[in-house]
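S.K.: From the sequence below, what's the structure:
(one chain, ligands or ions: 2)
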Amino acid sequence: MKVGVDYYPEHWDVALWEQDARQMQETGISIVRLAEFAWSRLEPREGEFDFDWLDRAIAVLARHGIEVVLGTPTATPPVWLTHNYPDVLPVDNKGNAHYAGVRLHRCYNSPSLRKYGARIIEKLTQRYAMHAAVMGWQTDNELAANDCHCENCTLRFRGWLKRKYRTLDELNREWGTVVWSGEYSDWEQVKTPLGGSPHLNPSFLLDFRRFSSDAVADFNRFQADLIRKHSPGKFVTHNLWGYPVTADYYDMFDSMDFASVDYYPATDLRDDSKSRMYHGALTLDLTRGVKRRNFWVMEQLSGTPGCWYPMSRTPFPGMIRAYAWQSVARGADAIVQFRWRSARVGAEQFWHGLLDHHGLPGRRYAEFVRFSEEAGRLTPLLEGTTLQHDVAMLFSHEQLNAFQIQPQADGFDYVGNFKRFHTALLRMGIGADVINWRSDFDGYKLVIAPMLYLIDDEMAAKLRRYVETGGTLVLTMRSGVKNMNNVCLPERLPNLLTNLIGAHVDEYDPVGKDVQTLTFESGETHACAQWCDLLIPVEARSIASYSSEYFAGRSAITKNEIGAGVVYYIGTVLDAVGTKSLLRRIATDVGIDCSLDLPEGVEMTTRRAEGKQITFVLNLSKDVQTLSLPLRDCVSALSDRRFAGGDFELQPGAVEILVR
Ligand code: GAL
Ligand code: ZN
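M.R.: Numbers count the residues shown, from 1 in each chain. Ligands and ions are numbered 1, 2, ... in the order given. Take a look at the predicted model:
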């Protein structure tokens, strides 16, 4: 376990560096991330480099036992670069170039960005490759797919399409451009999706998103290759921005050694309009799933967020510490707080760091110091531990993008609906690995694969094999709708999955926010919304029927036994209680303990290693919660208190780390 901060020495008087480094050391900080936006200080004018200040900053930190992670500065092309080489600036779908003076104003396909980006990365990596205090590299900052329509992107998109479809006839056929006379007769006519109309061809739009995602993955690979060439043996990571995003993180992190995430949990927990309470847990699990290993938090919430929108609530007492532990509880091996000092200048003056503008330690700082001290103490215990789960959830950026192009019903949201399953498991204390839908999931007892809207034979066969050989699979509405080119499949829904689920969809109703009800075999009734598939079970058995409107009595959920396994199909979006109740039955059947019912905001996860079992119990809410502890005879690693089981009270922000 390592604890650190993001630090911008270039924003502060040199006289402060020594004092900052000393204070960092006193709080147990052993890593600092530097320089990810400092291009104009590293290369103030084209071809004129200045590393002296960075040498000195690293030296000051190193003297205080602090190692650094260096960021490549390509997220902030300096003014001279965009001025001299305007191809660096992305162009929007109306043909307007972005303006300089902000950040992320760069096109990944720009030859000038590649050329000058390569040069600054080479200079940096060559200079610091052998530096003992430089532990590794972060590429760029929060890469996200661009929606760029510049000349270079247009040419490359055409090339991308030629490689995929080979001929224009094939492209016309696969996209169905015959609709509205959209057929191309010459490659020159093929452009990026200009204009931004929602009526553009969905196959075209999806391919453009894939192209944009490939471009950013390629840009990341280009950086990683350069870094590895000049600075072999040091790690290369990237700090992802969270979800939902267009870029396919599984591709983007191919070239990375491990994933890092920037974690800013919502501080307005009471006004939880975005149901952010459990968004963080999903984000952290998704991040762990990107490389299927432990990760880093490269930016962790340290203070009041805000600036270009009104400031949110200040993190409530206990929040800084509890949420840092939450990251660790879900697989983080390093916590880097954003940021050490709150900026006095620039666009982010009110995105607060650990220290306020006056620089004197306050409540948030004290919470961090407590976390840092505890993390230091528990490092040997946590060494080598990972989360190991019986349940996998299959996540897909392809589905996410396809649903963003064509939202299926009022209130329908891929990540939101995905989160319903994740949250239901979380509330029962059941851990899940959230992994790439294309990756291997054979070993899991239970696989939940919501909304496999785009499907191909390979995926259908893989799911079938998993079930036949003893797996339990959960599928849902909006599965098997389209082929991978975003074209509707011709059979009854769910097409390629019909035999597997042993049922088909007779009719569907995108009910949206028009809430319906369904009744389980047990008689239990729950609300459902967004979407209602009216199912006709063939080999499958119906285990729930609707009890509202014209579809009362029609099947809503089926269960099919195939080979040694079982597959469930859920034809609607159940409310939270219904989802939990259904998953409880399904998971109990495969031998997973579902006896827990965690109160709102309480999370429980376990990190394990040979002979070690460390359970984190966190109260991430602002309310006192009471938990009936299922563990007997364990000891708190923080307080040495012994727990015999039974009820115990968790204060807001409470952290218990229990060792068995
Ligand atoms: C992150 C970004 C940081 C900082 C922070 C607060 O997304 O990586 O550089 O801007 O947000 O706004
Ligand atoms: Zn471009």
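S.K.: only C-alpha atoms for contact and neighbour calcs from this point on.
M.R.: OK.
S.K.: Select the longest helix from the chain.
M.R.: In the chain, taking DSSP state H as the definition, the longest helix is helix 202-230.
S.K.: okay, the angle between the helix or strand just after that one and helix 202-230?
M.R.: Counting by DSSP states H and E, the element after helix 202-230 in chain order, helix or strand, is strand 235-240. Between strand 235-240 and helix 202-230, the angle comes out at 150 degrees (axes from the mean of the first three to the mean of the last three Cα atoms, to 10 degrees).
S.K.: mind checking which helix or strand of this protein has the lowest mean pLDDT?
M.R.: Per-element confidence for the chain was summarised using mean pLDDT, DSSP states H and E. The lowest value among helices and strands belongs to strand 642-643, with a mean of 86.
S.K.: Can you list the buried residues in the next helix or strand after that one?
M.R.: Under the assignment DSSP H and E, the closest C-terminal helix or strand after strand 642-643 is strand 646-650. Applying a neighbour-count criterion of 16 or more other Cα atoms under 10 Å, the buried positions in strand 646-650 are residue 650.
S.K.: Just the pLDDT at the closest residue to ligand 1 within the stretch 301-450 of the chain, thanks.
M.R.: The shortest separation between the stretch 301-450 of the chain and ligand 1 is 5.8 Å, found at residue 351 (distances taken as Cα to the nearest ligand atom). Predicted confidence (pLDDT) at residue 351: the value is 97.
S.K.: Just to be sure, it is in a helix?
M.R.: No: the assignment for residue 351 (DSSP: H, G, I helix; E, B strand; the rest coil) gives coil, which keeps it out of a helix.
S.K.: wait, doesn't it sit right on residue 308?
M.R.: No: look at residue 351 against residue 308 with Cα atoms under 8 Å: they stay out of range, at 9.6 Å.
S.K.: and those two? which has more neighbours close in?
M.R.: Just comparing residue 351 and residue 308: by other Cα atoms under 10 Å the higher neighbour count belongs to residue 351, 22 against 11.
S.K.: Would you indicate which residues of stretch 83-96 are buried?
M.R.: With burial defined by 16+ other Cα under 10 Å, the residues of stretch 83-96 counted as buried are 86, 87, 88, 89, 90, 91, 92, 93.
S.K.: same check, this time on stretch 434-453
M.R.: With the criterion 16+ other Cα under 10 Å, stretch 434-453 contains buried residues 434-437, 441-442, 444-453.
S.K.: Pull up the pairing partners for the least confident helix or strand of the chain, direction included.
M.R.: Strand 642-643 sits in its sheet next to strand 634-636 (antiparallel), going by DSSP bridges.
S.K.: and for the strand it pairs with, what are the contacting residues?
M.R.: Contacts of strand 634-636 from elsewhere in the structure, counted by Cα atoms under 8 Å, 6 or more residues apart in numbering, are 641, 642, 643, 644, 656, 657, 658, 659, 660.
S.K.: Swap in 6 Å and give it another go.
M.R.: By Cα atoms under 6 Å, 6 or more residues apart in numbering, the surrounding residues in contact with strand 634-636 are 641, 642, 643, 657, 658, 659, 660.
S.K.: Which one of those is nearest to residue 178?
M.R.: residue 657 (61.4 Å; Cα to Cα).
S.K.: now the helix or strand where the closest one lies, how far from the chain's geometric center?
M.R.: With the criterion set as DSSP H and E, the secondary-structure element containing residue 657 is strand 655-659. Centroid separation for strand 655-659 versus its chain: 26 Å, with Cα atoms, centre = their mean, to the nearest Å.
S.K.: repeat for stretch 177-186
M.R.: Taking the mean C-alpha point of stretch 177-186 and that of its whole chain, the gap between them comes to 37 Å (Cα atoms, centre = their mean).
S.K.: Over to stretch 7-18?
M.R.: On the basis of Cα atoms, centre = their mean, stretch 7-18 sits 32 Å off its chain's mean C-alpha point.
S.K.: pLDDT score assigned to the spatially closest residue to residue 414 that is not a sequence neighbour?
M.R.: Beyond its immediate neighbours in the sequence, the residue positioned closest to residue 414 (Cα to Cα, 6 or more residues apart in numbering) is residue 400, lying 5.9 Å away. Model confidence at residue 400, expressed as pLDDT, equals 98.
S.K.: Give me every residue in the protein lying close to ligand 2.
M.R.: Those residues of the chain that sit near ligand 2, judged by Cα under 5 Å from the ion, are 107, 148, 150, 153.
S.K.: again, only using 6 Å
M.R.: Counting by Cα under 6 Å from the ion, the residues of the chain lying close to ligand 2 are 90, 107, 109, 148, 149, 150, 152, 153.
S.K.: Cross the buried residues of stretch 434-453 against strands and list the overlap.
M.R.: 434, 435, 436, 446, 447, 448, 449 (DSSP state E).
S.K.: circling back: can you say which of the contacts of strand 634-636 are buried?
M.R.: A residue is treated as buried here by neighbour count (16+ other Cα under 10 Å); on that basis the buried members of the contacts of strand 634-636 are 643, 657, 658, 659.
S.K.: Can you show me the strands along the stretch 51-200 of the chain?
M.R.: For the stretch 51-200 of the chain, the strands defined by DSSP state E, counting those that start in this stretch occupy 67-71, 134-138.
S.K.: what does the last one rub up against?
M.R.: In other words, strand 134-138. Identification of contacts with strand 134-138 by Cα under 6 Å, 6+ apart yields 67, 68, 69, 70, 71, 234, 235, 236, 237, 238.
S.K.: Can you tell me which of those residues is closest to ligand 2?
M.R.: In terms of Cα to the ion, no member of the contacts of strand 134-138 lies closer to ligand 2 than residue 238, at 21.6 Å.
S.K.: For the host helix or strand of residue 605, give me every contacting residue.
M.R.: Counting by DSSP H and E, the secondary-structure element that holds residue 605 is strand 602-609. Residues outside strand 602-609 that contact it (Cα under 6 Å, 6+ apart) are 385, 386, 387, 429, 614, 615, 616, 617, 618, 619, 620.
S.K.: which of these has the most neighbours?
M.R.: The most neighbours of any of the contacts of strand 602-609, using other Cα under 10 Å, belong to residue 619, which has 31 neighbours.
S.K.: Give me the nearest residue to that residue, chain neighbours excluded.
M.R.: Once flanking residues are discounted, residue 619 sits nearest to residue 602: 4.4 Å by Cα to Cα, 6+ apart.
S.K.: Name the SS class of residue 511, please.
M.R.: Remark: residue 511 carries the secondary structure label strand [criterion: three-state DSSP].
S.K.: related to what we said a few turns ago, the buried residues of stretch 434-453: which ones sit near ligand 1?
M.R.: Filtering the buried residues of stretch 434-453 for proximity to ligand 1 (criterion: Cα under 6 Å from any ligand atom) leaves nothing.
S.K.: Max pairwise distance over those: which two?
M.R.: Among these, the pair separated by the greatest distance (Cα to Cα) is 445 and 453, at 23.2 Å.
S.K.: Columns pLDDT on top of the buried residues of stretch 83-96, output as a markdown table?
M.R.: Conversion of those to a markdown table gives the following (pLDDT from 0 to 100):
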| residue | pLDDT |
| --- | --- |
| 86 | 97 |
| 87 | 98 |
| 88 | 98 |
| 89 | 98 |
| 90 | 98 |
| 91 | 98 |
| 92 | 98 |
| 93 | 98 |
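S.K.: Can you tell me which of those residues is nearest ligand 2?
M.R.: Compare each of the buried residues of stretch 83-96 with ligand 2 using Cα to the ion and the shortest gap goes to residue 90, at 5.0 Å.
S.K.: can you give me how far the least confident helix or strand of the chain is from the chain middle?
M.R.: 35 Å.
S.K.: Not counting its neighbours along the chain, what's nearest residue 327?
M.R.: Nearest in space to residue 327, with sequence neighbours left out and distances taken as Cα to Cα, 6+ apart, is residue 284 at 6.7 Å.
S.K.: how much space between that neighbour and ligand 2?
M.R.: Residue 284 is 31 Å from ligand 2, where distance means Cα to the ion, to the nearest Å.
S.K.: Tell me if that residue really is in a helix.
M.R.: Yes: with the criterion set as three-state DSSP, the secondary structure at residue 284 is a helix.
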